[in-house]
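[1] got a predicted structure here, sequence first:
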Amino acid sequence: MFPPRLAAETLSLRLNEPRCAVSVSAVIDADGDVREYWIGPSTVTVTHAMSDADVDAALREDEENAGKTGAKTHPALALLVEAAARRRRRRERDGAINVATPECIVKVRTREEGSDSDSDSDGRGKNGGAPLRCVLYTGPHTTPLA
């Protein structure tokens, strides 16, 4: 992770603010081959932020509406999903093995309060509060593993 000031300011993708970036553009054919690509410096302006859950919901909505209207509400997301599927099929044809792993979420909580908290570099909570511990959650449940 970046230091808070960098993450919140210089390196953040704030809405409607031009930000420096490195962009990747590729032309992927029906067989999943990359025919052209470009990687280079760019300026991006985020006009709409979506969480992972928002993207999943949008893709489900498109799937449900596909039979009714035939049109996709989120064509850019559908394009990214199709490009990823083509590349995955290509890698599998070339001998790749896909390994599914559960999503891990790491939260820092104070021992006494059991709440999310920021940590100073010495490992103590805000304003010299209680020592912090790291709790690892994995998969769809919320039972701590550590």
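    Arrived safely. Numbers count the residues shown, from 1 in each chain.

[2] give me the residue ranges of this structure where confidence is low.
    Residue ranges of the chain with pLDDT under 70: 67, 70, 108-146.

[3] all helices of it, in order?
    Using DSSP state H, the helices of the chain run over 4-5, 52-69, 75-93.

[4] number of nearby residues for Asp31?
    Neighbour count of Asp31, defined by other Cβ atoms under 10 Å: 10. Any C-beta I mention is one placed from the backbone N, CA and C, and that applies to glycine too.

[5] kindly apply the preceding question to Arg89 instead.
    Counted with other Cβ under 10 Å, residues neighbouring Arg89 total 14.

[6] what segments of the chain are strands?
    For the chain, strands defined by DSSP state E occupy the ranges 18-28, 34-45, 104-110, 132-138.

[7] Leu80: which of these is closest?
    strand 18-28 (10.7 Å; Cβ to Cβ).

[8] what is the closest one packed up against?
    strand 34-45, helix 75-93 (3 or more Cβ pairs under 8 Å, 6 or more residues apart in numbering; DSSP states H and E).

[9] those: which one's closest to Pro3?
    The nearest among these, by Cβ to Cβ, is strand 34-45 at 21.9 Å.

[10] outside of the closest one, which residues touch it?
    13, 16-29, 87 (Cβ atoms under 8 Å, 6 or more residues apart in numbering).

[11] give me the sheet partners of that strand and which way each runs.
    Take DSSP bridges as the rule and strand 34-45 pairs in its sheet with strand 18-28 (antiparallel).

[12] okay, buried residues for the partner strand please.
    Ile28 (16 or more other Cβ atoms under 10 Å).
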